[in-house]
Structures are given as C-alpha cells and as structure tokens.
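Student: give me coordinates for this.
(one chain, ligands or ions: 1)
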Amino acid sequence: MHKNLLVMLLLMLAIPNMSFAVEGPTLEFGKTLFESNALGTKQRSCNSCHPNGKGLEQTGDFNDTELKDIINACIRDAMGGTLFDIDTQELEALLNYVKHLNPERGTRNEGRE
Ligand code: HEC
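Tutor: Residues are numbered from 1 along each chain as shown. Model (predicted):
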C-alpha cells in the first residue's frame, strides 16, 4: 500500500465522528456495508448484485454526488432500504468503496481485494 494512502487512512481513523460510532468512511467500513444484508429489507447486499464490482464499470462517468444518488437508488429500489442522507459516513464509505472497486477511476489497483 502506498504510504500516503496509509497515512490518510490513519488520519481518517483518528478523526472523531460525533454522529456515528464508526471509524469514518474508510474502505473497510465501505466493504462492511457493501457486504451487509442489513441495509434493506430484501435480504440482499450490494455484493449480491455487484460481486467484485460487477455492473460498476461505468462509475467513471459520474461525479461523486451522482454516484451517491445512484447508490441511494439501489438501496431504495433494489434493496428496499431507507435512503442515507447525502453527507453521512455510510454513503461516503460506500462511495469510496465503489470507486475503489473500479480500477479505471482514481485509486487504480491500489489495495484491491
Ligand atoms: C438487486 C440488485 C442490486 C442491488 C442489491 C444493488 N444494485 Fe447497484 N445496480 C443494480 C442495477 C441493475 C444497476 C443498473 C446499472 C447496470 O446494470 O450496470 C445498478 C447500478 C449501480 C451503480 C451505477 C454503476 C454504473 O457503473 O453505472 C452503482 C454505483 C451501484 N449500483 C452501487 C450499488 C451499491 C453501493 C449497492 C448497495 C448499497 C447496490 N448498488 C445494490 C442492481 C443492484
């Protein structure tokens, strides 16, 4: 892993978050959410439909705000869940994780799993 990314992650871990007892919008938190069945009522996770980033190849065509809207649309329509507010750690973490899954956008091949 690149040193700068590591430093950034450590910083994100260190910043206290008053609204939610999580460690910030880290990739790890994003992954947890991405694989969780608890976001909706249909016993599905993002990973059910997008295993290994399947179907997420076009994310480079959207900006962050648009991607958050799309993620929320998937949560509501595909998962039967409740929309996250645009500035929540959860949505930010999912956004970061989705971008990280797509090697064409931003974090090319860095720490892919
Ligand atoms: C029931 C299946 C299903 C679930 C669950 C689901 N999605 Fe989707 N998602 C889709 C479909 C269908 C599309 C339409 C675009 C496509 O076919 O590529 C899509 C599109 C997207 C896109 C736009 C991708 C692009 O490249 O155009 C993103 C980002 C996305 N989903 C993220 C998520 C996230 C994050 C979750 C979990 C919170 C999630 N999705 C849950 C089915 C699903």
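Student: quick check: residue 63 vs the ligand, distance?
Tutor: Distance from residue 63 to the ligand, counting by CB to the nearest ligand atom, to the nearest Å: 12 Å. Where you see a C-beta, it was placed from the backbone N, CA and C, and this is true even at glycine.
Student: please disregard the earlier target; I meant residue 99.
Tutor: 9 Å.
Student: tell me the pLDDT of that residue.
Tutor: The score at residue 99 is 93. That number is its pLDDT.
Student: what of residue 87?
Tutor: pLDDT, residue 87: 95.
Student: now do it against the ligand, distance only.
Tutor: To the ligand, residue 87 is 16 Å away according to CB to the nearest ligand atom.
Student: also residue 24?
Tutor: Counting by CB to the nearest ligand atom, the gap from residue 24 to the ligand is 18 Å.
Student: secondary structure element for that residue, which one?
Tutor: Element membership of residue 24, judged by DSSP states H and E, is empty: it is in no helix or strand.
Student: show me the contacts for residue 44.
Tutor: Taking CB atoms under 8 Å, 6 or more residues apart in numbering, we find residue 44 in contact with 37, 78, 79.
Student: contact partners for the last one?
Tutor: It stands for residue 79. By CB under 8 Å, 6+ apart, residue 79 lies in contact with 39, 40, 41, 42, 44, 45, 46.
Student: what residues does this protein put near the ligand?
Tutor: Proximity of the chain to the ligand is confined to 39, 44, 46, 48-50, 55-59, 67, 70-71, 74-75, 78-79, 94, 98 under the rule CB under 6 Å from any ligand atom.
Student: just the buried ones from these?
Tutor: With burial judged by 16 or more other CB atoms under 10 Å, the buried subset of those is 39, 44, 46, 50, 56, 59, 67, 70-71, 74-75, 78-79, 94, 98.
Student: nearest to the ligand, of the contacts of residue 44?
Tutor: Distance to the ligand across those (CB to the nearest ligand atom) is lowest for residue 78, with 3.5 Å.
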